[in-house]
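Undergrad: predicted structure and sequence below. I'll ask about it afterward.
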Amino acid sequence: MTEQNKLQTQNPKTNDGADLVAEVRDFIASRKLLNLASLAAGGHPHASTAPFLAADGNFYLFISDLSEHAANLKANRKASVIFNADEADTKQAFARLRVTFNVEAGLIGREAPLWQERIEQLREKFGPVMDHLKGLEDFHLFELKPSAGRYVKGFGQAYALEGLEKQVALHLKDGHKEKKIDAA
């Protein structure tokens, strides 16, 4: 059963805002990695992948200063994330299930109570590797706050989102237009 069919079977939705946002949350909860687009020095885009945690309407990354994306997020807080359905579960590549968000990044200091809470949640999700990583000084906890987003379920099923927790999903109906061919 494909990812899209699983979501539709688990959540027979009416396509109203609250149902679609719940569907998006369920899909994101099924992922371990997010793809991140950050801005490198000089404004060049940099694409990367990182393990993440979704909690309280935000995404959390625990990443090393040795990674380019950590340096990018420290220098420029604006980025974008995408969550994709597995290719093996995708029948039509052009209609692949996906969710994107613009995000704003911030650092959570080790002294903050939220740091310990999120590290414990990351350990629950990713296992004992977190016991080692949390002791490394070059690793930092980033909070990514999502804003405008888009959920694409398939052809003709694209929805604009306002963050991860707002019960707003607007069906995008305009856009596709057939090219007229002259009969010459």
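TA: Cool, got the structure.

Undergrad: that's a helix at residue 118, yeah?
TA: Yes - according to DSSP: H, G, I helix; E, B strand; the rest coil, residue 118 belongs to a helix.

Undergrad: spatially nearest residue to it, not counting backbone neighbours?
TA: Distance criterion C-beta to C-beta, 6 or more residues apart in numbering; nearest residue to residue 118, sequence neighbours excluded, is residue 60 at 5.0 Å. Just so you know, the C-beta spots here come from the backbone N, C-alpha and C atoms, and that holds for glycine as well.

Undergrad: and the next helix or strand past the helix or strand where the one you found lies?
TA: Here residue 60, judged by DSSP states H and E, is contained in strand 58-64. Sequence order places helix 68-75 as the next helix or strand after strand 58-64, per DSSP H and E.

Undergrad: how about residues contacting that next one?
TA: Identification of contacts with helix 68-75 by C-beta atoms under 8 Å, 6 or more residues apart in numbering yields 36, 38-41, 46, 48, 50, 63-65, 79, 105, 107, 140, 142.

Undergrad: one more pass at 7 Å, please.
TA: 36, 38-40, 46, 48, 50, 63-65, 79, 105, 140, 142 (C-beta atoms under 7 Å, 6 or more residues apart in numbering).

Undergrad: for stretch 90-109, same thing?
TA: Residues from elsewhere that reach stretch 90-109, judged by C-beta under 7 Å, 6+ apart: 2-4, 24, 27-28, 59, 73, 77-85, 114-115, 118, 140-155.

Undergrad: all strands in the protein, in order from the N-terminus.
TA: Secondary structure of the chain (DSSP state E): strands located at 33-39, 45-51, 53-55, 58-64, 78-84, 98-108, 139-154, 157-162, 169-171.

Undergrad: now those in CSV, with distance to residue 18 and mean pLDDT?
TA: Listed next are the strands of the chain as CSV, based on distance: least, C-beta to C-beta, whole Å; pLDDT from 0 to 100:
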stretch, distance to residue 18, mean pLDDT
strand 33-39, 23, 97
strand 45-51, 29, 96
strand 53-55, 18, 96
strand 58-64, 19, 97
strand 78-84, 20, 96
strand 98-108, 16, 96
strand 139-154, 13, 94
strand 157-162, 12, 86
strand 169-171, 8, 65
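
Undergrad: most packed of these?
TA: Most buried of these, by mean neighbour count (mean count of other C-beta atoms under 10 Å): strand 58-64, with a mean of 21.
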